[in-house]
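A.B. asks: A structural model of the following input is requested.
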Amino acid sequence: MMIATDKQALSVRVPFRPTGEEWEEAFSMLCGMCQRLGECEVIEGMIDVKNGKPWPQGGWVTDPGAGITCLSYQPKPVRTLNDDELAQALGDAVPMCDGCAARKGTDASQALHTQRDFKQAVSDRGLFTCHKPGSEGKSCGGWCKAVQRQRGDV
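C.D. replies: Residues are numbered from 1 along each chain as shown. Next up is the predicted model:
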């Protein structure tokens, strides 16, 4: 299992400057799930680039796993599963797929947003689900292994 660190992530990312029609989609994808939505100064800084100001530190960048990401992204808190819910989620998990966020080299393991969401879900024991077609919404096998390791089950 490999979880990209933010330091590793910075080495392969360059500023993403959306065209007019890309702004809405990028904002929705990058900011819609962020805990900082409504409090973030990065958006204003990116808008100021049009007026000749430098690209803001922590702004939107290219991402090898997701296409684009925001270096300032902070996942929203997840609801911690109670013991019964956690046991159910661990028992209902699908096997770790080839595209799993916990599998080294996958797009998901390289996507900064996904890695931050994954870490949050593991540390808070909140549900992280699979995105593989046919397994969507089921407990992620890689997440289950990480939670079990965290609990000392393995």
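A.B. asks: Show me where the chain has its strands.
C.D. replies: Using DSSP state E, the strands found in the chain span residues 60-63, 67-70.
A.B. asks: and Tyr73, how many residues sit next to it?
C.D. replies: 20 (other CB atoms under 10 Å). Backbone N, C-alpha and C define where each C-beta goes, glycine included.
A.B. asks: That one and Lys138, how far apart?
C.D. replies: 25 Å (CB to CB, to the nearest Å).
A.B. asks: what's the answer for Val14, then?
C.D. replies: Taking CB to CB, one finds Val14 at 35 Å from Lys138.
A.B. asks: circling back to that earlier point, kindly reformat the strands of the chain as a markdown table containing mean neighbour count.
C.D. replies: Formatted as a markdown table, these follow (neighbours: other CB atoms under 10 Å):
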| stretch | mean neighbour count |
| --- | --- |
| strand 60-63 | 20 |
| strand 67-70 | 20 |
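A.B. asks: now for the ones you listed, which one comes closest to Cys34?
C.D. replies: Nearest to Cys34 among these is strand 67-70; the distance by CB to CB comes to 7.0 Å.
A.B. asks: what's the closest one packed up against?
C.D. replies: helix 22-31, strand 60-63, helix 112-124 (3 or more CB pairs under 8 Å, 6 or more residues apart in numbering; DSSP states H and E).
A.B. asks: now the ones you listed as a markdown table including distance to Thr106 and mean pLDDT?
C.D. replies: Formatted as a markdown table, these follow (distance: least, CB to CB, whole Å; pLDDT from 0 to 100):
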| stretch | distance to Thr106 | mean pLDDT |
| --- | --- | --- |
| helix 22-31 | 19 | 85 |
| strand 60-63 | 13 | 90 |
| helix 112-124 | 9 | 94 |
